[in-house]
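> One predicted model, sequence on top.
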Amino acid sequence: MTSSFHFSLLFFSLLSLSPALAKASFHPHALLLPVQKDPSTLLYVTQLNLGTPLASEKLTLDLGGQFLWVDCEKGYSSTTYRPARCGSAKCSLAGADTCLECFSTSRPGCSNNTCELFPENTVISAATNGDLGSDVVSIQSTNGFNLGGIVYVPHFLFVCAPKFLLKAIHRTGVVFFGPGPYHFLLNTDASTPLIYTPLLLNPTSTVAVAGYSKPTTSSNYFIGVTSIQINQITVPNINASLLSIDHEGNGGTKISTVTPYTVLQTSIYTAVTKFFQNQLSGIPTVAATTPFKLCYNVTNFLGTRVEYNVLLIDLVLQNATVTWPIFGANSMVQVSDEVTCLGFVDGGLNPRTSIVIGGHQIEDNLLEFDLSASRLGFTSSLLFRETFQWHGP
């Protein structure tokens with residue numbers, strides 16, 4: 001797998017991306033997956049061709065997942081599937097150090113002397129065990145301007161999970177693997193310029209279900225939000241200690257593609273919504289619409305290229321000059337023809353993570369996860385640049 005992970009979120013079964021994207025039939029500049037937003041679950045879904053013969057697998061993009069896993073109970077059939085035997089190099093690569101035995105007919109997801117991993121459905125906070133295997137996968141390549149050839153990866157690692165773990169699982173976009181450029185409409189390279197902030201390590205696993213994972217660092221991507229500004233004024237009464245990750249792995253800010261809207265710890269949510277409302281004191285509110293609490297009549301806000309002419313919200317990062325601006329298209333959610341709401345959700349008094357930046361707030365932004373440099377590069381809303389779809393065939 002390349003050392004940089006790039007994707008543009010407009011956008012996504014279940015998938016977390018595997019570390020085994022290694023050998024291909026040629027050396028492409030970059031790879032991409034098309035992504036869509038499921039209108040019922042608000043999850044971001046993509047499709048991957050897997051096995052021999054190749055079959056399309058519908059997958060969910062989960063930034064916090066540790067590895068790819070699929071439902072093998074539905075009749076997964078492939079002549080190139082190979083279980084990862086205990087003690088093998090494949091098991092070491094995946095970080096698997098325990099074994100599974102199966103006492104029924106051998107098949108993908110049920111083979112003896114196979115290494116064990118623990119897939120998690122972060123949507124419903126459920127986890128179980130599954131066995132590790134590998135198979136061929138095909139994925140589209142790109143040179144950043146147009147589609148290229150198909151890449152075949154012969155030994156792509158994934159975990160077979162039972163069907164029950166899939167429980168609860170169209171706007172289009174793409175996921176890129178590899179460096180830019182990423183040219184969209186008007187021949188605009190969406191990857192320049194980027195603002196960078198460090199990716200932070202949470203020293204404690206944030207797996208939702210205890211007992212299914214040995215102690216390890218979190219697989220989620222955290223960044224360092226130090227304060228929040230509305231209308232370029234710092235929101236008062238935010239407990240700064242909640243914005244840091246403590247020694248038990250609590251607090252801080254992570255980015256999630258399985259959380260539809262940004263979730264804030266209760267005291268942070270109260271401070272933000274109260275300050276936002278005070279800054280718009282001349283505009284009356286309307287009845288709340290679950291899960292949102294602060295709502296307005298849409299006629300109060302003139303439409304712009306970024307949809308709503310409302311107050312700018314900035315997440316202030318490592319210093320006052322590095323901010324993640326959230327414009328109206330990302331801060332507001334239109335819930336009916338007449339009503340739009342501030343698109344943030346109350347996460348309760350004691351959530352594991354104080355701020356979870358959700359899908360609605362990162363749509364129409366390009367996020368570049370540069371793992372070799374441990375940094376996140378991001379744009380402001382691409383709606384300003386009219387890059388509404390990828391410039392390709």
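Nice, I can see it.
> Can you show me the helices along the protein?
Taking DSSP state H as the test, the helices found in the chain are 89-94, 266-279, 328-331, 359-362.
> Out of those helices, which is closest to Leu317?
Proximity to Leu317 (CB to CB) singles out helix 359-362 among the helices of the chain, at 14.4 Å. For glycine as for every other residue, the C-beta is placed from the backbone atoms N, C-alpha and C.
> tell me the domain ranges of this protein?
Residue ranges for each domain of the chain read 4-180, 195-385, as given by automatic domain parsing.
> out of those domains, nearest to Asp189?
Nearest to Asp189, of the domains of the chain and by CB to CB, is domain 4-180 at 6.6 Å.
> worst average pLDDT in the domains of the chain?
If you rank those by mean pLDDT, domain 4-180 sits at the bottom with a mean of 74.
> tally of neighbours for the nearest residue to Asn112 once chain neighbours are set aside?
The shortest distance from Asn112 to any residue other than its chain neighbours is 5.2 Å, reached at Glu101 (CB to CB, 6 or more residues apart in numbering). For Glu101, the neighbour count with other CB atoms under 10 Å is 12.
> thought Glu101 was touching Cys115?
No: look at Glu101 against Cys115 with CB atoms under 8 Å: they stay out of range, at 11.5 Å.
> what's the single longest strand in this structure?
Identified as the longest strand of the chain according to DSSP state E is strand 147-161.
> What is that one packed up against?
Here strand 147-161 touches strand 69-71, helix 89-94, strand 130-142, going by 3 or more CB pairs under 8 Å, 6 or more residues apart in numbering; DSSP states H and E.
> looking at the ones you listed, which is buried most?
A comparison of these by mean neighbour count, using mean count of other CB atoms under 10 Å, puts strand 69-71 on top with a mean of 25.
> ok so, going back, distance to Val263 for the helices and strands packed on strand 147-161 - can I get that in a markdown table?
A markdown table is the format used below for the helices and strands packed on strand 147-161 (distance: least, CB to CB, whole Å):
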| stretch | distance to Val263 |
| --- | --- |
| strand 69-71 | 24 |
| helix 89-94 | 30 |
| strand 130-142 | 28 |
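> between these, which gets nearest to Asn365?
Each of these has some distance to Asn365 by CB to CB; the shortest is strand 130-142, at 19.4 Å.
> Sheet-wise, list the partners of that closest one with their directions.
Applying DSSP bridges, strand 130-142 is found paired with strand 30-37 (antiparallel), strand 44-50 (antiparallel), strand 82-83 (antiparallel), strand 114-117 (antiparallel), strand 147-161 (antiparallel).
> follow-up on the earlier one: between Glu101 and Cys115, what contacts are shared?
In terms of CB atoms under 8 Å, 6 or more residues apart in numbering, Glu101 and Cys115 are not both contacted by any residue.
> which residues sit in contact with the nearest residue to Thr80 once chain neighbours are set aside?
Excluding its sequence neighbours, the residue lying closest to Thr80 (CB to CB, 6+ apart) is Thr52, at 4.1 Å. Taking CB under 8 Å, 6+ apart, we find Thr52 in contact with Ser78, Thr79, Thr80, Asp135, Val136.
> Also Ala287?
Applying CB under 8 Å, 6+ apart to Ala287 gives the contacts Cys295.
> Okay, it and Lys293: tell me how far apart.
10 Å (CB to CB, to the nearest Å).
> I'm done for today, thanks for sticking with me.
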